[in-house]
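1. Starting from these lines, generate the structure:
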Amino acid sequence: MGRRLFYWELAGFLLTGALGTLLHFVYEWSGGSTLAAAFSAVNESTWEHMKLLFFPLFLFSVVQVCAMGRNYPNFLAVRALSTLTGLALIPVLFYTYSGVLGHHIAWVNIAVFYLADLGAFLLDGALLRRGRLSSAWHQLLGLLALWGLAFCFVWCTFHPGPLALWRDPTTALAGVTEFRNVTG
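-> Residues are numbered from 1 along each chain as shown. Predicted coordinates for the structure are as follows:
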């Protein structure tokens, strides 16, 4: 079981990294599609980069729970916890390094994304092996957290909050509505 889990987690890390990278460009490639905006980055804000990690991880979770969820009765709670950890790593690492340097660097931003992806799957594998958080209410909370995050990412694309988290550091625009109002 351990080797199979390792390969699933490795596949998840690689797939999330690859799809997240592609999603960085999908909105632009789609010509500004509203559907693409819901799932891909519409600007360079930290929130939109968190979305690049979340949706591929969420999609992989659906596949993984169907394929091996019965073997891991703690899957949903663990995946929610590891997803939240990966998502938290993005702003923590980004704002820490850019605050220290006083500016941000493109290749470091990319590294932050992949480190968050790696952190999520390393924690995921470790927690799945331990078997904790397997009660029914833990699973329900995990499921609600994952679907709640999906809703928040879509909602905040069209209704961003007032914090810098939602603002593109180069244009100061937030969400798809401000972007569309400026670009036409």
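2. which intervals of this protein have sub-threshold pLDDT?
-> 1, 177-184 (pLDDT under 70).
3. Show me where it has its helices.
-> Chain-ordered helices for the chain, with DSSP state H as the definition, fall at 2-29, 34-39, 46-68, 75-101, 106-130, 136-158, 175-183.
4. For the second one, which helices and strands make contact with it?
-> With contacts defined as 3 or more C-beta pairs under 8 Å, 6 or more residues apart in numbering; DSSP states H and E, helix 34-39 has these neighbours: helix 2-29, helix 136-158. For the C-beta atoms, the positions are set from N, CA and C on the backbone; glycine is no exception.
5. Of those helices, which is nearest Val78?
-> When the helices and strands packed on helix 34-39 are compared for distance to Val78 using C-beta to C-beta, the nearest one is helix 136-158, at 7.2 Å.
6. circling back: between the helices and strands packed on helix 34-39, which one is closest to Arg70.
-> The closest of the helices and strands packed on helix 34-39 to Arg70 is helix 136-158. By C-beta to C-beta, the value is 12.1 Å.
7. chain center to that closest one: distance?
-> On the basis of C-alpha atoms, centre = their mean, to the nearest Å, helix 136-158 sits 12 Å off its chain's mean C-alpha point.
8. Show me which positions of stretch 16-34 end up buried.
-> Thr16, Gly17, Leu19, Gly20, Leu23, His24, Val26, Tyr27 (16 or more other C-beta atoms under 10 Å).
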